[in-house]
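sequence first, predicted model second:
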Amino acid sequence: MSLTLDEVHRIAVLARIEVSDEQALATQAQLNDIFALIGEMQAVDTAAVEPMSHARDLTMRLREDVVTEHDQRELFQSIAPRVDDGLYLVPKVIE
Amino acid sequence: MVNPSWEIVIGLETHAQLSTVSKMFSGSSTAFGAAPNTQASAVDIALPGVLPVANRGAVERAIRFGLAVNGGSSDNINRRSVFARKNYFYPDLPKGYQISQLDLPIVKGGGVTILSPTRGEITVKLTRAHLEEDAGKSLHEDFQGMSGIDLNRAGTPLLEIVSEPDMRSAGEAVAYAKALHGLVTWIGICDGNMQEGSFRCDANVSVRRPGGPLGTRREIKNLNSFRFLQQAIEYEARWQIETIEDGGTVKQATVLFDPDTGETRSMRSKEDAHDYRYFPDPDLLPLVVSDAWIDEIKSTMPALPEMVRNKFIEFGLSRAQAEHHVSSIETAKFALSTFTETPPKEIPDLSNWISGILSAKLNADGLNFSQSKVSPEQLRFLSGKVADGTLSGNMAREVIDAVWVGEGEPDAIIEKRGLKQLSDSGEIEKIVDQVLAANAKSVEEFRAGKDKAFNALVGQVMKASKGKANPAQVNEILKRKLSQL
């Protein structure tokens, strides 16, 4: 499998990364190298292997349903570029 | 609205906010209405280096739901489920992804039985129900070209319940949504508050020729009332039918419903639909639930609405009455406690009081049955008084009114107001004789065959007795006297 240049541009849009045509060409080559590696891995017969969803063979620890966090808004907002009335302000986005 | 040459096909995706006190993956409070960002921890605002830890209470609630929609059997609960990242960029989603479940949801299958307005009892099958976290809120007004972000809601646990496309009308979709709403509040996993967004629906709607292949669907987002759900589906189906009949085609899209205009409008088409690039979240290990835990949860489940409804039918009530009494767990508990150890012949009156006068009073005061100002014991006392002829139905309702406004116990009110039905036939006969003597004209009319005159005479007797005469006795005595005249 290999990627077309259009697909590289589409992935860049999804990842919110601006790429020039030149960068897209370089990225296409790099991504296709990765796909070649994936191709090699996919050639391995895994029919008898159960799929994993995590690299470690452990299961999840659960936390009790209790409130343990307290309000740290002032601390967190001290590093925010803009705040108003307790809200974080961001460039306007309306879908 | 119904156009027989078209069939409407509807599936619903419902987000039920789980009633935990803390968030899905952090120890922040989920209380509604706090000052902006005061319930948003380092995990919720996605500061670098934080890790999510899942909430046992949220998982337990998902399991309760699974058991409730599968007749108590647990074969629809995945013993091993996996959390995945759903990636998209939006300012109220600080991580750039929502933690959700894709390939291995916690609940797979099950169904909800509803009473269709046109097809009788049907079961809407469930595809799945999975755990996920909510996003924050964006406020677009008042910030001079900027948007304000409140992350208090970010990370709140949700159960997304996905139905099969089993519904064929807006009425069925509403019946399903109401049944589901009743169920999640009944089993105590969601407060069901639709104004606060605790229960909201997305509707997938398509139309087709009956028996033909499925049409292209459009998804109506974020419907937070049963009325909007009904209106939005009706508008959307009509729009799709008109579009196709006018020679156009329906394109897959996501649409919003505008309650002000009653119309749906396209938000985004399939071409710019999100590509969420799901993958298993490496921060979270697989979720494994043991049979022992499921059994423990099963032992704390209340009797389900369907079982309680059948119990009401066994009490001799109609399906509609029984349906009313299981509309919420508070109503059901109240009705059960009222009917238990009550002579069967008093149950119809009690049932009518519960679904009629009491429901109306509770609605007017914004209360539920656990907050009723008239108790099951007081109702039973009154039905006993009606059964032994002491009170008429109207008198009993008068006492309920008085208890409601705090005038005291029913027996004291009956005493104070002198409410006692006149059942002494000698007394009633005397009144009937007086009325007959004073209403010669009505008597003449009755003899001339006018049935209405009889009712007028009954009215006169009741009036003369100040409403206290036992109506059945009045009828009987009046009939007898008239035939003897």
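Perfect, I can see it now.

name the residues of stretch B:219-228 that are buried.
Within stretch B:219-228, the residues scored as buried using 16 or more other CB atoms under 10 Å in any protein chain shown are B:Glu219, B:Ile220, B:Lys221, B:Leu223, B:Asn224, B:Ser225, B:Phe226, B:Phe228. Glycine gets a C-beta too; all of them are placed from N, C-alpha and C.

which residue lies nearest the spatial centre of chain A?
Nearest to the mean C-alpha position of chain A, counting by CA atoms, centre = their mean, stands A:Ala15 at 7.8 Å.

the biggest strand by length in chain B pairs with which strands, and in what direction?
Longest strand in chain B by number of residues (criterion: DSSP state E): strand B:120-133. As defined by DSSP bridges, the strand partners of strand B:120-133 come to strand B:107-108 (antiparallel), strand B:111-116 (antiparallel), strand B:157-163 (antiparallel).

would you put the C-alpha positions of it in CSV?
Taking Å, rounded to 0.1, in the frame of the first residue of the first chain, the C-alpha atoms of strand B:120-133 are listed here in CSV:
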residue,chain,number,x,y,z
GLY,B,120,-48.9,-2.7,18.9
GLU,B,121,-46.1,-4.0,21.1
ILE,B,122,-42.7,-4.1,19.3
THR,B,123,-39.1,-4.6,20.5
VAL,B,124,-36.5,-2.0,19.4
LYS,B,125,-33.2,-3.9,19.3
LEU,B,126,-30.1,-2.3,20.6
THR,B,127,-26.9,-2.5,18.7
ARG,B,128,-24.7,-1.5,21.6
ALA,B,129,-24.1,0.8,24.5
HIS,B,130,-20.6,2.2,25.2
LEU,B,131,-18.9,4.3,27.8
GLU,B,132,-17.4,7.7,26.8
GLU,B,133,-16.7,11.1,28.2
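
which helices and strands does the helix or strand of chain B with the lowest mean pLDDT pack with?
Lowest mean confidence among the helices and strands of chain B (mean pLDDT, DSSP states H and E): strand B:263-269, at a mean of 79. Secondary-structure packing of strand B:263-269 (3 or more CB pairs under 8 Å, 6 or more residues apart in numbering or on different chains; DSSP states H and E): strand B:218-223, helix B:226-245, strand B:253-258.

can you add mean pLDDT and distance to chain A and give the ones you listed back as JSON lines?
Converted to JSON lines, these look like this (pLDDT from 0 to 100; distance: least, CB to the nearest CB, whole Å):
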{"stretch": "strand B:218-223", "mean pLDDT": "95", "distance to chain A": "10"}
{"stretch": "helix B:226-245", "mean pLDDT": "96", "distance to chain A": "18"}
{"stretch": "strand B:253-258", "mean pLDDT": "92", "distance to chain A": "9"}
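
let's have these in CSV, adding distance to B:Glu415.
Below are these laid out as CSV (distance: least, CB to CB, whole Å):
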stretch, distance to B:Glu415
strand B:218-223, 53
helix B:226-245, 45
strand B:253-258, 56
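
of all those, which one is nearest B:Lys361?
helix B:226-245 (22.5 Å; CB to CB).

pull the residues that contact the closest one.
Under the contact criterion CB atoms under 8 Å, 6 or more residues apart in numbering or on different chains, helix B:226-245 has outside partners B:1, B:3, B:6, B:8, B:10, B:170-171, B:173-174, B:177-178, B:201, B:203, B:205-207, B:215, B:218, B:220, B:223, B:249-250, B:255, B:257, B:259, B:262-264.
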